[in-house]
Every structure is written in structure tokens, then in C-alpha cells.
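> have a look at this fold, sequence not included:
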């Protein structure tokens, strides 16, 4: 309990300051526009990369300790920022109420990614953007074997993080059209560093 409350939030904040993470934030977060929901806002490391195209930001995270760090960073923002200290399985926003949803390195740790993705689809306006940067299941057999072996232990010490979720498949299965997808290994141990990066749009057509 003490580890999860006091040690883990600071470890996450430190770990997510890596140069490769900053590079991906700089590349994708500025694509957010209008009313934005960031799921897994953590300590607010994405905040400096939002542009004047954002009119309002909702930040959601289950860690109160990380949200307190994010509040300090949010005080310098030019647009209003509102925080929700909770998980993403029930997003406290109305249907089709946001223009952009941003998720960076958070779908790996939610209890049920399918439920969270359904909620993201619900709150996105037609034509809205779902911007994601996630690590997950590698296409390489040897790496996948290690991801499957390590995940049961890794998730216990890394805040529920799963190394082996097929992020692109999960996103498509939730009713999103992936308009832009990049995959790559970033520096570090390969089981932890295979990335899915891109933009998707919700299909709100009848029967979808």
C-alpha cells in the first residue's frame, strides 16, 4: 500500500521523463484540438505540449498523488484544466462531448481496455480524434514470449502495466478506424519498448 501510494507515483513520473517518451509526446500531443480528455494524465508530463488549439482539458487518473503533481504543472496553462481522480471505466462526461481524447502509456494498465475504449468512443464527437501512444504486444515471436512470461510479475510492481496487450487490435475492435499507425521499438529492453503510435476516429455510423 505504501509502495503504490508514495513510491510508485514518483517512479512513474521519473521513468516517463525519458528522451524517447518526450520525443513521442512532442510529436503527437500537439495534434489535440478543442475540448480534450486525457486519460491517464499522471503527473502532467503531456501538458507542455498542448497548443493554443486546445480550449479546455479534462485530465483523468486514478492516482491522487500523480494528480497533485499534475495540478502544479496545470497552473501555468492558458486554458482551463479540470481533473477527475478516478479510473476510465466510467468517464464522467456526456456522450459526444469532446473533440480529442489523448492516451499515452495508460491503456496498458487499465483493468479492462475494451470497456475503456468503449467509453472513449462514447465521449468523442463525430469526426473527433483519438490520439494514442502505447507500448504493447510485439510482432516478433521471441519478444512476445518474454512479454507473456514477464507480464504477471511486471504488472504487480508497475501499477498494473501489461506488456502484452495488442493495442492496435483492441482499438479497432472497439469501433475505431485507425487513420494513422506507426510502430517501432524505442531504446530499452525489447519486451518493454514496442510502441503503437497513431490517430483513430470513432465510427458513429448507424449500426456501428
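All right, it came through fine. Keep in mind that this is a model prediction, so the values were computed, not measured.
> using the three-state scheme, assign the residue nearest the centre of the chain.
When C-alpha atoms, centre = their mean is applied to the chain, the residue found nearest the centroid is residue 103 (2.4 Å). Classification of residue 103 using DSSP: H, G, I helix; E, B strand; the rest coil returns strand.
> residue 68 and residue 43, how far apart?
Distance from residue 68 to residue 43, counting by C-beta to C-beta, to the nearest Å: 9 Å. Quick note: C-beta positions are derived from backbone N, CA and C, even for glycine.
> more neighbours: the two, which one.
It is residue 43, of residue 68 and residue 43, that has more neighbours when counted by other C-beta atoms under 10 Å, with 24 against 14.
> where does that one fall, secondary structure wise?
In this structure, residue 43 sits in neither a helix nor a strand according to DSSP states H and E.
> was I right to think it contacts residue 74?
No - if you go by C-beta atoms under 8 Å, residue 43 and residue 74 don't touch, sitting 10.6 Å apart.
> list the buried ones in the longest helix along the chain?
The longest helix of the chain (DSSP state H) is helix 141-157. Of all the residues in helix 141-157, those buried under the rule 16 or more other C-beta atoms under 10 Å are 143-144, 146-147, 150-151, 154-155.
> so who does the residue nearest to residue 200 when sequence neighbours are not counted touch?
Of all residues not flanking residue 200 in the chain, residue 176 sits nearest, at 3.9 Å (C-beta to C-beta, 6 or more residues apart in numbering). Taking C-beta atoms under 8 Å, 6 or more residues apart in numbering as the criterion, residue 176 is in contact with 117, 121, 130, 200-203.
> do that again at 10 Å, thanks
Going by C-beta atoms under 10 Å, 6 or more residues apart in numbering, residue 176 touches 117, 120-121, 124, 130, 132, 168, 170, 199-203.
> please apply the same query to residue 116.
Applying C-beta under 10 Å, 6+ apart to residue 116 gives the contacts 39-40, 87-91, 103, 106-107, 110, 170, 174.
> inside helices: which ones of these?
Reading helices off the contacts of residue 116 with DSSP H, I get residue 170.
> report the buried members of the contacts of residue 116.
So, of these, 39-40, 87-88, 91, 103, 106-107, 110, 170, 174 end up buried under the neighbour-count rule (16+ other C-beta under 10 Å).
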